[in-house]
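S.K.: Quick one, fold the following:
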Amino acid sequence: MTVARAVGLVVLMLGTATAAAGQDRWLAPKCEIKPSHFMVNSGLLYLRSATNTVHEAQRTKDLRDAQRVLTEAITANGQDKNPAAWYYLGRYYAMAEQFEGADSAFTKAQTLMPACKEDITNWRKNLWTPVFNQGVQAFNAGKADSAMLYFRRAGAIYPEPTGLSALASLFANAGQTDSALRYYGRAAEAAAADTHFTKERREALYNRGAVLYQTKRWQEAGDAFRAYLAVYPADGQALAALASTFAMRNLNDSAIAIYQSVLQRADSADPATLFSAGAAMFNSVPPPPDTTASVAECRTKSPKTVAARQQCSQAARAAMRQHDSLSAGTYKMAARAFEAGLAKSPYSRDGLYNLSSTYYLLQDSAKMLPITQRLMTIDPMNRNGIRLAAAAFQMKGKTDSTVHYIARAESSLVADVTVQNFRSDDQSASLEAVVTNFHDKPSAAFKITFEFLKPDGAVVGTQSQDVPSLPPGQMQQVKVQALGRGITAWRYRQE
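M.R.: Numbers count the residues shown, from 1 in each chain. Here you go, the predicted model:
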């Protein structure tokens, strides 16, 4: 399981009021907040002067004086319960770009005078936007450390879900699990307060469970997915993930019950959900027991008799039979999920590959062979897929075809092609692949043509890419894209 519900980031435009030269640029509060004390009023006047002056030295002096009188009013003149004192101190910190101070002061002002919430929120947003944008630019440039710094500063100013989720994702990718969980939690909480962020809330809640799953904290992951499902009960991917947490804790009856409920909803589920559910079922199968170790331990503790040795061997065989029986049941459910997904998205390469792998483990040659043949028409230069085709022919007893595909995977294939990333939206799609020369001599140059497909196989766009001769062990990255509606899949061929 991966943190697959990714955060999309764009730079935000900051709208600010402008004033002609000589005009008052001071923005009065949009709520009824009165200074009510001469020192607080002095702080207001210093801030107003700092806003309007064109001289940097005067601005610096005015800001210093504003901080001095406002701090003194709060600490030495009994204005610690005056919302205006904290409000104007927050505006001082905003002008001085001291973000943590602005957050603290504005929080106290809003607590004392809730009617100013909208005005204070606007100040937070104005202060937050340029810092967030710096984080976006660093994020998109792959500068994770800088992005973390900016998003942390932005989050201290204004709890906006997108930035908090991006920060959580950065922590997750860096292996800082506890920080990732904390910020996904903050993102979900912030998104819950604003209906514009429904999608962000859903992603944050789900990704919190996914991070816990990746770190094998099964009980906590199960709790997180249950919390998610309490809000989004129809999400088959989350249901399958919850079931997997039960399977990993050897609570097989609970896991199987949930897997069956996912399959019962297959008619209304989208292909991506079914493929994800199938993968969760497949991956939940535990490794086979170490019968060699268990037999050795049993014989060490048992009497040194033939009967005792036989009992140890029988117990090991029974444990293996039980594992195989449970595994077969789970693999059959995974196959049903993949089959249901392929019925709706028949050109899904990953769906075909995963279903072929599942049939192989079930030793179902009758079903495996036609699926691997379909896989070869979509992804004909991937060595792992070719090996699956060889295995399918071998199980059917077709020696010539088996030899052909083994030779192709190990020697005659010009290069290995691995599609690493495929993205599509309403208007376009993009694909990234890596071509690897796995031979011990330079590969021949060739051309590869990608087709972008609708669910029914109709071609929306085509793009060809020349692949040069590659030295032994070297790789070439290929990136292609297409414009058009309804793209859900791809295939390619060697020219």
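S.K.: Please make it C-alpha for all contacts and neighbour counts, starting now.
M.R.: OK.
S.K.: Low-confidence stretches in the protein?
M.R.: The model of the chain has pLDDT under 70 over residues 1-24, 323.
S.K.: Distance-wise, check the residue nearest to P289 when sequence neighbours are not counted relative to P471.
M.R.: Closest residue to P289 apart from its sequence neighbours, by CA to CA, 6 or more residues apart in numbering: M320 at 6.6 Å. For M320, the distance to P471 equals 46 Å [CA to CA, to the nearest Å].
S.K.: Spell out which residues make up each domain of this protein.
M.R.: Under automatic domain parsing, the residue ranges defining each domain of the chain are 38-112, 415-494.
S.K.: how about these in JSON lines, adding distance to L342?
M.R.: Output for the domains of the chain, formatted as JSON lines (distance: least, CA to CA, whole Å):
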{"stretch": "domain 38-112", "distance to L342": "51"}
{"stretch": "domain 415-494", "distance to L342": "10"}
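S.K.: How about the contacts made by R202?
M.R.: R202 sits next to A188, Y228 when contact means CA atoms under 8 Å, 6 or more residues apart in numbering.
S.K.: quick one: it from A154, how far?
M.R.: Going from R202 to A154 by CA to CA gives 21 Å.
S.K.: How about Y492?
M.R.: Plainly put, Y492 is 44 Å away from A154 if you go by CA to CA.
S.K.: the more surrounded of the two?
M.R.: Higher neighbour count among Y492 and A154: A154, with 27 against 20, using other CA atoms under 10 Å.
S.K.: List the buried residues in the helix or strand harbouring that one.
M.R.: Assigned by DSSP states H and E, A154 belongs to helix 144-157. By neighbour count on 16 or more other CA atoms under 10 Å, the buried set for helix 144-157 is A144, S146, A147, M148, Y150, F151, R152, R153, A154, G155, A156, I157.
S.K.: Please apply the same query to stretch 486-495.
M.R.: Residues of stretch 486-495 classed as buried: G486, I487, T488, A489, W490, R491, Y492, R493 (neighbour count, 16+ other CA under 10 Å).
S.K.: on that earlier part again, and the buried residues of helix 144-157, which is closest to L375?
M.R.: When the buried residues of helix 144-157 are compared for distance to L375 (CA to CA), A144 wins out at 37.0 Å.
S.K.: picking that back up, return the subset of the buried residues of stretch 486-495 lying in strands.
M.R.: A489, W490, R491, Y492, R493 (DSSP state E).
S.K.: need the contact list for the closest residue to the first one other than its chain neighbours.
M.R.: It refers to A489. Excluding the flanking residues, the one nearest A489 by CA to CA, 6+ apart is L453, at 5.1 Å. Contact partners of L453, counting by CA under 8 Å, 6+ apart, are V459, V460, G461, G486, I487, T488, A489, W490, R491.
S.K.: Max pairwise distance over those: which two?
M.R.: Distance extremes for these: the farthest pair is G486 and R491 at 15.1 Å, using CA to CA.
S.K.: Quickly note the distance from T358 to K34.
M.R.: Relative to K34, T358 is positioned 71 Å away (CA to CA).
S.K.: in the one helix or strand A191 maps to, what counts as buried?
M.R.: Using DSSP H and E, the element containing A191 is helix 177-192. By 16+ other CA under 10 Å, the buried positions in helix 177-192 come out as 177, 179-181, 183-192.
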